[in-house]
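Peer 1: Have a look at this prediction, sequence included:
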Amino acid sequence: MMKSYRFKNALLVVLALIMAIMTSIAQPTTTAAGEIAAIMAKYDAVGVSVAVVKGDSIIYNRSFGFRNLATQEPLENDDVFRIASISKSFVATSLMQLVDAGKLSLDDDVGELIGFPVRNPHYPDSVITLRMVLSHTSSISDKNGYFTLDACNPAKNPDWATAYNDYAPGTDYQYCNLNFNLAGSILEKHSGERFDRYVRKHVLEPLGLYASYNVDELDSTRFAVLYTYDSDSNRFVPSPAAYRSPAASLKTYHMGYSAPVFSPTGGMKISAADLARYMTMHMNYGILGDTRILSEESARAMQTSVPAGKGYALALRTKDDLISGKILKGHTGLAYGLNSALFFQPQEKFGFVVIISGSRTTYTDDFPDIHRDLINCLYRHFVL
């Protein structure tokens, strides 16, 4: 009888310990959710999806708010967003695979790679390299637009020269979307595969990610509606162009020139969780689990700021003022009302993905305050 009592008593103690541990694990999640809800209210965010990586695992993934304001459908973790300029890193990752394969070099002349002259008319003897294009130090600008390579092609545009800034290539930095639409076409020309298909076959599929540059390959019921805020009417307006089909443009597609149809510079569609898995690959210098898609040397190059880049490397930047005392690598995105952010610490092995489908965020030093607040919230609750 005494043995049975002691056993029951011990069992109760064990159960109590298990409950205490489970409560301590669940508590940060509950507290974090409440703080995220308060941050959303502060900036009138429509929908927010977040993921936290620690080590090799996603330790937190949760979505808040609405996928669609009109129908009041809740945002789910597997919903897909057009992530805007974080997409640039998928272009650089793909091109670095070609570098690894010896098909091209970061120091190659971009004009020779694309097949038409790419030279700043103010500095006609200065070679513009692939490294400059991927680091926004090419001296190319978006003054002529960036939705077609005609913007800087002398054979197509009599005003091509205005696409360049007045400083020498490689000596200064200016963020430029045309750089990456040009880079996407170079990827096609030297891989022999259409831009969207190359990224799917060599980056997305090996990593097991549900994502694409081509909306027609994805389930549209999973698309999170993106919203711009109209201050005049004080309401959020849907941005259906974010998920426009490329089907019509594919009828006249020219390999090695028409890649801007897919918007290499900003057109990737992916969920927060899958973006976090992709981020983990970069955090681990080119490998996710047992799957290596990039050499460590190339992955490190993508994270190493170029001299004139003001903290920008190859489609990833260094940021030292986001979390106090931490130097992070990553990128942000802004388009169609969406704000997105991906930042990680490769030595300490933690990182964050934050995607907002629409908000009235303010900015400090050209960085969305809602990103700063959410990332610091996640850091305090799950990493610190």
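Peer 2: Here it is on my side, so go on. These numbers were taken from a predicted model, which means no experiment stands behind them.
Peer 1: For the rest of this, base every contact and every neighbour count on C-alpha atoms.
Peer 2: Will do.
Peer 1: Apart from its chain neighbours, what residue comes closest to Pro121?
Peer 2: Ala161 (6.2 Å; CA to CA, 6 or more residues apart in numbering).
Peer 1: same question but for Gly309, I mixed them up
Peer 2: Tyr173 (5.3 Å).
Peer 1: Next one: that neighbour, what pLDDT does it get?
Peer 2: Confidence at Tyr173, expressed as pLDDT, is 97.
Peer 1: Contacts only, for it.
Peer 2: Taking CA atoms under 8 Å, 6 or more residues apart in numbering, we find Tyr173 in contact with Ser135, His136, Thr137, Ser138, Ser139, Ala308, Gly309, Lys310.
Peer 1: could you redo the last one with a cut-off of 6 Å?
Peer 2: Residues in contact with Tyr173 (CA atoms under 6 Å, 6 or more residues apart in numbering) are His136, Thr137, Gly309.
Peer 1: Tell me the secondary structure at the last one.
Peer 2: Spelled out, that is Gly309. At Gly309 the chain is in coil, as set by DSSP: H, G, I helix; E, B strand; the rest coil.
Peer 1: can you list the residues that contact stretch 88-101?
Peer 2: So stretch 88-101 is contacted by Ser105, Thr265, Leu294, Ala315 (CA under 6 Å, 6+ apart).
Peer 1: Out of those, give me the one that has the most neighbours.
Peer 2: Thr265 (28 neighbours; other CA atoms under 10 Å).
Peer 1: count of residues packed around Asp142?
Peer 2: Neighbours of Asp142 under the rule other CA under 10 Å: 19.
Peer 1: contacting residues for it?
Peer 2: Taking CA under 6 Å, 6+ apart as the test, what Asp142 contacts is Cys176.
Peer 1: Distance of it relative to Val50?
Peer 2: 31 Å (CA to CA, to the nearest Å).
Peer 1: Equivalent analysis for Pro368, please.
Peer 2: Taking CA to CA, one finds Pro368 at 15 Å from Val50.
Peer 1: With neighbour numbers in mind, choose between these two.
Peer 2: Val50 (26 against 18).
Peer 1: State the pLDDT value of the closest residue to Tyr164 other than its chain neighbours.
Peer 2: Leaving out its chain neighbours, the residue that sits closest to Tyr164 by CA to CA, 6+ apart is Ile140, at 4.5 Å. Ile140 is assigned a predicted lDDT (pLDDT) of 98.
Peer 1: what about Ile140, neighbour count?
Peer 2: Residues lying near Ile140 (other CA under 10 Å) number 30.
Peer 1: Same check on Ser231?
Peer 2: 9.
Peer 1: residue nearest the centroid of this protein?
Peer 2: Closest to where the C-alpha atoms of the chain average out (CA atoms, centre = their mean) is Ile86, at 2.3 Å.
Peer 1: Correct me if wrong, but that residue is in a helix.
Peer 2: Yes: judged by three-state DSSP, Ile86 forms part of a helix.
Peer 1: correct me, but it touches Leu334?
Peer 2: No: Ile86 lies out of contact with Leu334 (CA atoms under 6 Å); the separation is 8.9 Å.
Peer 1: re earlier: any idea how far Pro121 is from the residue nearest to Tyr164?
Peer 2: The spacing between Ile140 and Pro121, counted by CA to CA, is 11 Å.
Peer 1: Could you do Asn214 as well?
Peer 2: Taken as CA to CA, the span from Asn214 to Pro121 is 35 Å.
Peer 1: So if I had to pick from the two, which one is more boxed in?
Peer 2: Asn214 (22 against 16).
Peer 1: how about low-confidence regions in this protein?
Peer 2: Applying pLDDT under 70 to the chain flags residues 1-30.
Peer 1: biggest strand in it by residues?
Peer 2: Looking across the chain with DSSP state E, the single longest strand is strand 57-68.
Peer 1: can you pull the buried residues of it?
Peer 2: Ile58, Asn61, Arg62, Ser63, Phe64, Gly65, Phe66, Arg67, Asn68 (16 or more other CA atoms under 10 Å).
Peer 1: cool, and stretch 243-261?
Peer 2: Buried-residue list, stretch 243-261, by 16+ other CA under 10 Å: Tyr243, Pro246, Gly256, Tyr257, Ser258, Ala259, Pro260, Val261.
Peer 1: what does stretch 140-150 give?
Peer 2: Ile140, Ser141, Asp142, Lys143, Asn144, Tyr146, Phe147, Thr148, Leu149, Asp150.
Peer 1: Output it as CSV, restricted to C-alpha atoms.
Peer 2: This file holds the C-alpha atoms of stretch 140-150, laid out as CSV (Å, rounded to 0.1, in the frame of the first residue of the first chain):
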residue,chain,number,x,y,z
ILE,A,140,23.2,52.3,-63.2
SER,A,141,20.0,53.9,-62.0
ASP,A,142,16.2,53.5,-62.4
LYS,A,143,15.8,56.9,-64.1
ASN,A,144,14.6,55.3,-67.2
GLY,A,145,12.5,52.7,-65.4
TYR,A,146,13.3,49.0,-64.8
PHE,A,147,10.5,46.9,-66.2
THR,A,148,12.5,46.3,-69.5
LEU,A,149,16.2,46.2,-70.3
ASP,A,150,15.4,48.7,-73.1
